[in-house]
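Engineer: Task: produce atomic coordinates for the following.
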Amino acid sequence: MAVAACPATAPLAALPYSGESLASGEEKAFEATHSNPTPASDSILRITFLDVGQGDAVLIQAPGGQVALVDAGRSDVISLLHGVSVSRIDLLVATHPHADHIGGMVRVIETFPIRFYMDNGAPHTTATYRRLLAALDARPDITYLEATPRTITFGDVQIEVLPLLPRGSTEHNDRSVALVVRYGQFTAFLSGDSEVRQLTHLARRGVVPATILLKAPHHGSDNGFTWEFLEVARPRVVVISVGRNSYGHPRPAALNAYHAAGATVFRTDRDGHVSVEGRESGEYEVAYGGRVALRGSADGGGQRARRDPIRAGAPRPATPADAGIRIRVHADAPGNDHRNPNGEYAVIENLESEDRAIGGWTLCDRANHCFTFPPDARLAAGGRLVVHTGSGQADGTRYYMGRRQAVWNNGGDTATLYDDTGAAVVMFSY
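Structural biologist: Numbering: from 1, shown residues only. Have a look, this model is predicted:
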């Protein structure tokens, strides 16, 4: 493989690494091999989502024995990697330089033989990032790769690196390294903390494949999915890497969206380490806690025979308890909408003869701008609540999303009300 000096625009430019020479936008492949590969007798690709709390660490083990680690959590993951028989790493990927993704990388770099290190080429100012650079500086044997479009070959497994948004055009989450892992008919999609802008960019570039396995972007945040993206990806299995947090991850809007897409959802905060084993035929198994929780195949195999188009905010079947609530949206505020966010609002009406406790319920628009009602919120029998887009003091009948600009689209939008379990109660489109 031809190598050249790391591009001057990369954050490791001053360090003594070499990187593969690639023209801008050119796709090439390199063969990740080693002198004594250990073939897997069962020809299985294993993707393990390590339980690292509120962070990401995804281990990819190819049938030929090659190993990739995508992110490394916030703290030490060495014992976890030893526990799944990792003795070397062919490719180490930092999707973006936030601490819950790179905090554990220093110890990984200090502990294991590593062939290639990849990141998005965007530096950060934190002490965690500086420690990572110092650890890499001490390992000149590691070859640096910036995440430009290319295909990495692990025997029969291909890891496709997808195009990033331009450097400097957005913040770190929306420049997460996005990977498509292919093994025959089995496909997985991993994209760090991608948010709406990056997911829209990838979907519209036509680089998102139909996917068996999706790592939920941004820990199941309500800005970590779009209906357009899910319509293209159509995941069978979604794994949310999440731990105890103050952000409300995973958000009800995201959980409902994954269910509406027909996916089975697993969570590391509840299930611990989640392992997905894929075969070239497209058959797969999902296991956690020492037991197989799900089996399926690329052709449906009884797991997802129904493939109807996904409808934005599609609610689950309503029960009698869910009936009797109506939503209306006043989207066209007087004057300039963005200068008068309180001039637009949503009205939620209770058509029943009993009060409804709606603490923890969430109201979202199609673009996943959401408002969650406080724990003591109630919708009086025959009454109504108004949710303004801007800021103000809630009084039990009027609430405020706290947005500085308008969110409801004058040309048409969808308002969905979710209960505190993430189930869609009612949807209004205009």
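
Engineer: and the most far-flung residue of the chain relative to its centre, what does it touch?
Structural biologist: Ranked by distance from the centre of the chain (CA atoms, centre = their mean), the top residue is residue 353, with 41.2 Å. Applying CB atoms under 8 Å, 6 or more residues apart in numbering, we find residue 353 in contact with 381, 382. For the C-beta atoms, the positions are set from N, CA and C on the backbone; glycine is no exception.

Engineer: try it again with 6 Å
Structural biologist: Neighbouring residues of residue 353 by CB atoms under 6 Å, 6 or more residues apart in numbering: residue 381.

Engineer: how near is it to residue 47?
Structural biologist: According to CB to CB, to the nearest Å, residue 353 stands 51 Å off from residue 47.

Engineer: Over to residue 380?
Structural biologist: For residue 380 relative to residue 47 (CB to CB), the value is 49 Å.

Engineer: what's the answer for residue 150, then?
Structural biologist: Between residue 150 and residue 47 the computed distance is 20 Å (CB to CB).

Engineer: Comparing these two, which residue is more hemmed in?
Structural biologist: More crowded of residue 150 and residue 47, by other CB atoms under 10 Å: residue 47, with 26 against 19.

Engineer: For that one, which residues count as its bridge partners?
Structural biologist: Bridge pairing for residue 47 (DSSP bridges) gives the partners residue 60, residue 276.

Engineer: got a list of what it touches?
Structural biologist: For residue 47, the contacting residues are 60, 188, 276, by CB under 6 Å, 6+ apart.

Engineer: confidence score at it?
Structural biologist: Predicted confidence (pLDDT) at residue 47: the value is 98.

Engineer: would you list every one of the helices in this structure?
Structural biologist: For the chain, the helices defined by DSSP state H occupy 78-83, 99-102, 105-111, 127-137, 196-205, 227-233, 252-260, 268-271.

Engineer: If you average pLDDT over each of these, which is lowest?
Structural biologist: Of all these, helix 252-260 carries the lowest average pLDDT, namely a mean of 87.

Engineer: Contacts for that helix next, please.
Structural biologist: 220, 222, 225, 238, 265, 314, 362, 364, 368, 370, 418, 422, 424.

Engineer: hang on, the earlier thing: could the contacts of residue 47 go into CSV alongside distance to residue 332?
Structural biologist: Below are the contacts of residue 47 laid out as CSV (distance: CB to CB, whole Å):
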residue, distance to residue 332
60, 49
188, 43
276, 46
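
Engineer: Between these, which sits nearest residue 70?
Structural biologist: For the contacts of residue 47, the residue nearest residue 70 by CB to CB is residue 60; the value is 6.9 Å.
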